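In: no sequence for this one, just the structure:
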């Protein structure tokens, strides 16, 4: 089972709006994955956090997000999409 952006959209987006509504459109998944990996990882991490069936996946997503954040901190690289995806944590 994989978390989808629909679960994020309906459960969390109303009070944790870290993404433009177009980012939640399934038609845009490929461009979001390639253009905004930090944001997509953040969305999937949040979407999977309260689902016991996705506990293992959630832990992997958390670890990956920590790697992304560490890379930004240590290399000083980043842009707007990095801020969108990482600073809610």
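Out: In hand now; what should we look at? Because the structure is predicted, anything quoted here is derived from the model rather than measured.
In: show me the residues around residue 23 that make contact.
Out: By C-beta atoms under 8 Å, 6 or more residues apart in numbering, the contact list for residue 23 reads 5, 32, 36, 39, 43. In this view, the C-beta of every residue, glycine as well, is placed from N, C-alpha and C.
In: and the closest residue to the second one other than its chain neighbours, helix, strand or coil?
Out: Counting by C-beta to C-beta, 6 or more residues apart in numbering, residue 32 lies nearest to residue 40, which is 5.1 Å off, once chain neighbours are set aside. The local conformation at residue 40, judged by DSSP: H, G, I helix; E, B strand; the rest coil, is helix.
In: my guess is residue 40 meets residue 33, correct?
Out: Yes. Contact between residue 40 and residue 33 holds when scored by C-beta atoms under 8 Å: they sit 5.6 Å apart.
In: who has more neighbours out of these two?
Out: Using other C-beta atoms under 10 Å, the more surrounded residue of residue 40 and residue 33 is residue 40, with 19 against 12.
In: and the pLDDT for the more buried one?
Out: With respect to pLDDT, residue 40 has a value of 86.
In: same question for the one 3 residues further on.
Out: In this prediction, residue 43 carries a pLDDT score of 84.
In: follow-up on the earlier one: turn the contacts of residue 23 into TSV, including distance to residue 60.
Out: Formatted as TSV, the entries for the contacts of residue 23 read as follows, by distance: C-beta to C-beta, whole Å:
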residue	distance to residue 60
5	17
32	19
36	19
39	17
43	15
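In: which among those gets closest to residue 56?
Out: residue 43 (18.2 Å; C-beta to C-beta).
In: now for that closest one, how many residues are close by?
Out: Should you count by other C-beta under 10 Å, residue 43 turns out to have 27 residues around it.
In: what's the following helix or strand after the helix or strand that contains it?
Out: Element membership for residue 43, per DSSP states H and E: helix 37-48. Using DSSP H and E, the helix or strand that directly follows helix 37-48 along the chain is helix 55-75.
In: what is the rounded mean pLDDT of that following helix?
Out: Within the predicted structure, the mean pLDDT of helix 55-75 is 89.
In: for it, packing partners?
Out: Of the remaining helices and strands, those touching helix 55-75 by 3 or more C-beta pairs under 8 Å, 6 or more residues apart in numbering; DSSP states H and E are helix 37-48, helix 80-86.
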